[in-house]
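Asker: Coordinates for the following, if possible.
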Amino acid sequence: AHVTVDREVEVEAAFDAAEAAGDDASLTDVLLLAVSATLDEHPEFNATFDADSETHTLYEEHNIGIAVDLEGGLVTPVIPDVGGKSIDELARQRSRLTERVLDGEYDGDDLSGGTFTVSNLGVVGSDSFTPIINPPEIAILGVNRVRERPVNTDAGIEFPRHITFSLSFDHRVVDGADAARFLVTLDETLADAEKLLD
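Answerer: Now for the predicted structure:
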């Protein structure tokens with residue numbers, strides 16, 4: 001039931017938005033806001049699934065887990081209500097949470113309540129991977145490395161930055177067409193990333 005769909009997305013506008021947001025914000029924060037906005041359009045992915053009762057539960061808040069690589073293994077602290085935060089608030093909370101996890105000062109509350117997860121292997125150079133869903137969630141978004149791609153424009157050949165996103169999902173709950181549409185919306189959201197700063 002575990003399936004992955006990939007899509008390459010231009011992210012120049014996302015980099016511009018991160019720079020416009022100030023020193024505390026990063027591309028990760030812009031991506032998290034873009035994921036939250038995408039979940040607004042595709043709420044079936046902001047959900048959990050109970051296999052015993054076959055219950056698909058949707059949530060209003062986007063409680064997004066961020067996979068963090070530690071020596072002892074991967075942990076996924078959760079940022080609650082990502083969509084309810086400004087990029088400054090999000091950047092501060094993500095930074096504090098990540099630092100606590102890296103210092104080993106997190107607890108079970110930091111890891112619970114997730115409704116969707118983002119895992120970034122781009123920082124270690126991956127081009128594509130199959131992220132593993134965190135049950136009972138039904139989906140996880142993998143972020144791969146930033147690459148420049150030649151694009152033919154009216155001004156000639158340009159080399160905008162791109163990221164391939166890998167969306168794994170539980171096929172018992174949603175299907176490949178749903179996942180493809182999710183990635184289309186994410187692409188469109190990142191193309192107009194400055195709106196995420198409003």
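Asker: Contacts for stretch 94-105, please.
Answerer: Stretch 94-105 is contacted from outside by 24, 28-29, 32, 66, 68, 70, 75, 77, 79, 106, 110, using Cβ atoms under 8 Å, 6 or more residues apart in numbering. No exception for glycine: its C-beta is placed from N, CA and C like everyone else's.
Asker: same deal with stretch 180-187?
Answerer: Contact partners of stretch 180-187, identified using Cβ under 8 Å, 6+ apart, comprise 5, 7, 9-10, 34-35, 38, 41-42, 45, 139, 141, 165, 167.
Asker: coming back round to it: would JSON lines of the contacts of stretch 94-105 with pLDDT be doable?
Answerer: Listed next are these as JSON lines, based on pLDDT from 0 to 100:
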{"residue": "Asp24", "pLDDT": "87"}
{"residue": "Thr28", "pLDDT": "96"}
{"residue": "Asp29", "pLDDT": "97"}
{"residue": "Leu32", "pLDDT": "98"}
{"residue": "Ile66", "pLDDT": "97"}
{"residue": "Val68", "pLDDT": "93"}
{"residue": "Leu70", "pLDDT": "89"}
{"residue": "Val75", "pLDDT": "94"}
{"residue": "Pro77", "pLDDT": "96"}
{"residue": "Ile79", "pLDDT": "98"}
{"residue": "Tyr106", "pLDDT": "93"}
{"residue": "Asp110", "pLDDT": "95"}
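Asker: looking at the chain, which helix or strand does the model trust least?
Answerer: Least confident element among the helices and strands of the chain, by mean pLDDT, DSSP states H and E: strand 151-153 (a mean of 87).
Asker: Parallel or antiparallel, which strands does that strand pair with?
Answerer: strand 156-158 (antiparallel) (DSSP bridges).
Asker: in the next helix or strand after the partner strand, what counts as buried?
Answerer: Next along the chain after strand 156-158, taking DSSP states H and E as the criterion, comes strand 161-170. Neighbour counts over strand 161-170 (16 or more other Cβ atoms under 10 Å) mark 162-170 as buried.
Asker: Looking at those, which is nearest Ala14?
Answerer: Comparing the buried residues of strand 161-170 against Ala14 with Cβ to Cβ places Ile163 closest, at 8.4 Å.
Asker: Can you get me a residue count around the nearest residue to the closest one once chain neighbours are set aside?
Answerer: In this structure, Ile163 finds its nearest non-sequential neighbour in Val11, 5.1 Å apart by Cβ to Cβ, 6 or more residues apart in numbering. Val11 is flanked by 26 other residues according to other Cβ atoms under 10 Å.
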